[in-house]
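>>> structure here, sequence nowhere to be found:
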């Protein structure tokens, strides 16, 4: 049987590696970005469009799908793949992030430096116990309970290819003492997730392939806690690992925290696939790849797209332009020259997109989402190609200097 | 030079005809339905998707584009075709319907039996004079003025293939006396539109082809007024005619009013193309084709799609199902069996679409809009084929009995 992660090439100057993840619904070329299908749809797009951009996997949200339409309905309708008509691999998060975002309030947004959103914040936590978490549904206001076993049951009903263990996602502002106690509880919850998963051996959808479980590393920004937590979870029987929780207050600290985790993983579990939760800025993806991350998910490209922000190869502006600004009104040019995405290649201009956003027209959200996902997909393809051809240092430098995706392999 | 309307076949038992409209941006196969691109976008879709469904022309809205982004900006950016990236023919309405909807208030919805919408109703009329109409912009609250010449200037700047004359769209509830006086003013305004159009000879976009002008028949539901108005406008030099204004309180009256108009047209201008404004229910399209209508526009398929209503071959339910109803929650079937549209052919189920609407997910609006437009496009193709093959009576009967589009030509 093929290993879960086949590493085909390694970059000699960093921890970067490229290969494929072998999952029940097919292969994921790594390193890969995983677009969000939070509520069972990539907002505004069809699955075939996302696949056509070059994506092999999407991420469904256990918390949201648990509340609506409910995992039992999804199971009855054939599982999440069949329900949303995505035939390639799916990873589901555990619900931990969303449950604890409600409890930790607005500061939970610090966890990933995210802007607050209604869906992450609505609802309220009623109590965190050893057994699990009680909270109020943002849909109907009714009380709900989620334990590690609940999360596993929901993810089994959804039939994802990769399930994530249920963890407490500790934010940045809590004390070291709280982080330590929370991380220990997360490890006890991991044991319960593994026990449930081993006992039930859930399938990934209807095809007969098995779902695989990833553990999650917590430990906050404390080096000893983060290293110990990562080492601990990596040594369990869970075949993959994710890096979660607070990664710090700024990018240098985030890279440092991730580097502690991947250094530990290189020692104790070098062949286990590694997912970095909730990170996806352009420079973060490049650095994450260098640090040996195999998969990333992030709301950024789709969320900013819906708000009129388009990705461009401009590091000085955090790789984005704001199409809603008045200065775009007369700009008779595409978002990016020579971009093969459905927005740019069909000639939609910044001026037209600016107008559509001001008129609140749905077409705008869609076109910019397609552009942003295309940008990230081509960036990841460049990085994979660079690792395979031994040109990662040059390609990473070119990206950081503002090279456009697609031109990178040629330029290296 | 090819005539504006080439009639290839006539149905011997009705006024129906099939052929092509020869316009600056290409041919429109008639009879045709024309989807709305009210504000320069078919809501939620890309032009290439609408063309792929089988549509040859879309309708842009002079009133809305006049207010935002403004016709001068559209002209500066290359005209409406270039701006919205639709390379086939465009018809623009004159703005009359929207301007007068504001003035006549909620009863204006009677004109077409439409549900009230924000965009039709916002704003207010400040005065109707012989010169034109003063009204308040729903965008910035500022006063605006639209005269027949303004409407022509705006449509020239947009560069549509077909411009419509500026008319007062008389609603159903006004008196015969008001209708008569209003219709006479509409005729004086038509003369001014023709004079402006003759003087300026506007091009349709940048390709060098000429824009053509359609007159509009008013006259309300009064047979003598409607017949006289139709005869009058058909005898002007405007090469096409549209049937507008109040068509009655119910379908039988609407068909009667349209039949008076097309009977007059058959006598005085049998070769001029005929557009029926704002009509697009399934049975209305069939009857309209039998009455000799060449093109139709209507918000119905796109608007009801955004509200969760999908077209199905079921006359008893007005050819629609409501996907937002609770009974759809577990229906693990597509909207229609054997439907080639992007929603049905890709396996999205009623249950999934129901869930997406309840979660307010954009993908739902898009998929049902695509389905509805596909349904209508295939219906119109069936009707064209039926006229060409002498089977219109059988095909029309089959549609009225609930036959699915696409199966009709074979069944006839």
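Happy to help now that I have it. Small disclaimer: the values here were computed from a predicted structure and weren't measured. Residues are numbered from 1 along each chain as shown, chains lettered A, B, ... in the order given.

>>> where is the longest helix in chain A?
The single longest helix within chain A, with elements called by DSSP state H, is helix A:362-388.

>>> after that one comes which helix or strand?
helix A:392-401 (DSSP states H and E).

>>> for that following helix, the averaged confidence score.
Averaged across helix A:392-401, pLDDT comes to 97.

>>> ranges for the strands of the stretch 101-250 of chain A?
A:124-128, A:133-136, A:143-146, A:162-164, A:212-217, A:240-243 (DSSP state E, counting those that start in this stretch).

>>> so which of the ones you listed is the most packed in?
Highest mean neighbour count among the strands of the stretch 101-250 of chain A (mean count of other Cβ atoms under 10 Å in any protein chain shown): strand A:162-164, with a mean of 29. Where C-beta positions appear, they are placed from N, C-alpha and C, glycine not excepted.

>>> list of residues touching it?
With contact meaning Cβ atoms under 8 Å, 6 or more residues apart in numbering or on different chains, strand A:162-164 is reached by A:23, A:62, A:89-94, A:96, A:151-152, A:155-156, A:197, A:202, A:211-214, A:216, A:240, A:242, A:275.

>>> partner strands of it, with direction?
Using DSSP bridges, the strands paired with strand A:162-164 are strand A:90-93 (parallel), strand A:212-217 (parallel).

>>> chain center to the shortest one: distance?
Think strand A:90-93. 9 Å (Cα atoms, centre = their mean, to the nearest Å).

>>> where does chain A have its least confident helix or strand?
helix A:118-121 (a mean of 43; mean pLDDT, DSSP states H and E).

>>> next up, the contacts around residue A:306.
Counting by Cβ under 8 Å, 6+ apart, residue A:306 makes contact with A:43-44, A:365, A:368-369.

>>> in JSON lines: those residues, plus distance to chain B.
Supplementary listing: these in JSON lines, determined by distance: Cβ to the nearest Cβ, whole Å:
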{"residue": "A:43", "distance to chain B": "6"}
{"residue": "A:44", "distance to chain B": "4"}
{"residue": "A:365", "distance to chain B": "7"}
{"residue": "A:368", "distance to chain B": "13"}
{"residue": "A:369", "distance to chain B": "9"}
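
>>> which of these sits closest to residue B:351?
If you rank those by distance to residue B:351 using Cβ to Cβ, residue A:43 comes first, at 19.3 Å.

>>> let's verify the closest one: helix, strand, or coil?
coil (DSSP: H, G, I helix; E, B strand; the rest coil).

>>> same question for residue A:347.
Per three-state DSSP, residue A:347 ends up coil.

>>> measure the closest residue to it other than its chain neighbours to residue B:205 for me?
Excluding the flanking residues, the one nearest residue A:347 by Cβ to Cβ, 6 or more residues apart in numbering or on different chains is residue B:85, at 5.1 Å. Residue B:85 is 12 Å from residue B:205, where distance means Cβ to Cβ, to the nearest Å.

>>> the more surrounded of these two?
residue B:205 (24 against 17; other Cβ atoms under 10 Å in any protein chain shown).

>>> returning to what we had before: any buried residues in the longest helix of chain A, and which?
Of all the residues in helix A:362-388, those buried under the rule 16 or more other Cβ atoms under 10 Å in any protein chain shown are A:362-388.

>>> give me the number of residues near residue A:142?
The number of residues packed near residue A:142 is 8, by other Cβ under 10 Å.

>>> what bits of the stretch 101-250 of chain A have low per-residue confidence?
A:103-123 (pLDDT under 70).
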